[in-house]
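Novice: coordinates only, sequence not included:
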């Protein structure tokens, strides 16, 4: 485990569930945020809501771990590119992108399923 500045971590998603944010805000401690070096960009692979909570609480640095799962890195590159086209370069850029969970389901979860099946279906084995 190691610490990184929140500002140095590139999100790989561009919406946050309001329900999940409210639920997790009640917790005192969080698991470290998994990250990977994706083409020279330190990218969060999970834990976006936790990272946003740390940011909202005023933390500058957070505990991180290297992602240890074999993920579809082309798919993550796609999401990072989509984040950057939306001017999302760090977790602070998601502060105004917290939405009701039903909307989150449609615009993020369903979106990801569509992207995965249309662009990255060979990985879906």
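Specialist: It's in. Predicted model only: the values in this text are computed from it and were never measured.

Novice: Buried ones in the strand or helix carrying residue 81, by neighbour count?
Specialist: Element membership for residue 81, per DSSP states H and E: helix 73-85. Buried residues in helix 73-85, defined by neighbour count with 16 or more other CB atoms under 10 Å: 75, 76, 78, 79, 80, 83. C-beta: built from backbone N, CA, C; applies to glycine.

Novice: same deal with stretch 5-16?
Specialist: Using 16+ other CB under 10 Å as the test for burial, stretch 5-16 gives 6, 9, 10, 11, 12, 13, 14, 15, 16.

Novice: do the same with stretch 88-96
Specialist: 88, 89, 90, 91, 93, 94.

Novice: now swap in stretch 47-58 and tell me
Specialist: Neighbour-count burial for stretch 47-58 [16+ other CB under 10 Å]: 47, 48, 49, 50, 51, 52, 53, 54, 55.

Novice: ok so, going back, so which of the buried residues of helix 73-85 is the closest to residue 113?
Specialist: Of all the buried residues of helix 73-85, the one with the least separation from residue 113 (CB to CB) is residue 75, at 11.6 Å.

Novice: Tell me who's in contact with that closest one.
Specialist: Counting by CB atoms under 8 Å, 6 or more residues apart in numbering, residue 75 makes contact with 115, 116, 119, 120, 123.
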